[in-house]
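[1] Sharing a model prediction with you, sequence too.
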Amino acid sequence: MEWTVVPTGIKELDVMLGGGVLDDSVVLITYDTNSFGWVLSIELFKSFLDKGCFGIVTNYSLPIGLLEKYAGMLDFDLEEHGLAGELIIIDVFGAAHDIRLNVPYVYSPGRVDASTFLPKMVELYYDILKQAGDRKPVGLTVGMDGFAQIFDEETTMKILRRNIMMKEAARVSEDRLRPINIMIVNKDRVSKKFLSWLFHYAEHVIDFEPTERPGIEKMIIRKSLLPDFEPSLAEFTYSKGKIKIRRIRGLI
């Protein structure tokens, strides 16, 4: 079977991944508490929106106001893009705390309950896809550790496994543009078992590790299912709203 490769628009990252990311795939970004690795997820999301994709942010971790401030660190105005019809936010965090914002681009799944959560999210997702029209959907999940906190790790993985099977069935039965999903997880907030399941299901895994130099981290491409991929290491820098990736030659 031949798979479609989608360039991310971040040249050095595409080279390290083996050409880009697979269409209809999950890009998992892992980092620790003191890391700025999560900013790569926003940079990726921005890049796909710049290419005409339709953004779907699923928020499990932050109040919307704080989420917008984090995005603003990279000069990405969620409100501006939301009001322009370029993205929506599914506010699961707000729903879990009985908060519903009267904002046109923020959607709520309603009451959060493990037994009905996935059907509600699927119904909401299909409603949102109508707004996407002929634009390719790109998802940003903030973050998987927040998901596991709202429920628990075992319940979260049951929901994810069920969703994966529904996604597989939809791939066969539905003729529509398939999404690329970017997920982030703080490794300090979840168990190794939970991380291992996320690693297993993601087609691409980008991991961040600290160094002794402030503001400079190791960016390790742990996994990519593209045939030209080989594990590789880069120096990752975030400063004044900009990221820089400098690939280190040779294997990690």
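    Thanks, I have it. Residues are numbered from 1 along each chain as shown.

[2] what about L74, which helix or strand?
    Secondary structure from DSSP states H and E places L74 outside every helix and strand.

[3] what's the closest non-adjacent residue to it?
    Nearest-residue entry for L74: I42, 5.0 Å, with adjacent residues in sequence omitted and distances by CB to CB, 6 or more residues apart in numbering. From N, CA and C alone the C-beta is placed, and that goes for glycine too.

[4] all helices for the stretch 1-150 of the chain, in order.
    With DSSP state H, counting those that start in this stretch as the criterion, the stretch 1-150 of the chain has helices at 11-17, 39-50, 64-72, 78-83, 92-96, 117-132, 144-150.

[5] for the stretch 151-252 of the chain, what spans make up the strands?
    Residue ranges of the strands in the stretch 151-252 of the chain, as given by DSSP state E, counting those that start in this stretch, are 180-186, 204-210, 216-224, 232-239, 242-248.

[6] Pick the most buried one from those strands.
    Compared across those, strand 180-186 shows the largest average neighbour count, a mean of 23 (mean count of other CB atoms under 10 Å).

[7] tell me what that strand is packed against?
    Judged by 3 or more CB pairs under 8 Å, 6 or more residues apart in numbering; DSSP states H and E, strand 180-186 is in contact with strand 26-31, helix 39-50, strand 137-142, helix 144-150, helix 192-201.

[8] who's in contact with the one residue sitting closest to the centre of the chain?
    Centroid-nearest residue in the chain, with CA atoms, centre = their mean: I182, separated by 2.2 Å. Contacts for I182 (CB atoms under 8 Å, 6 or more residues apart in numbering) come out as 26-27, 29, 41, 44-45, 138-141.

[9] same check, this time on T211
    Taking CB under 8 Å, 6+ apart, one finds 217-218 in contact with T211.

[10] On the pLDDT front, check it for me.
    T211 is assigned 90 on the pLDDT scale.

[11] Figure out how far the longest helix along the chain is from the centre of its chain.
    Of all segments of type helix in the chain, defined using DSSP state H, the longest is helix 153-173. Computed by CA atoms, centre = their mean, to the nearest Å, the separation of helix 153-173 from the middle of its chain amounts to 16 Å.
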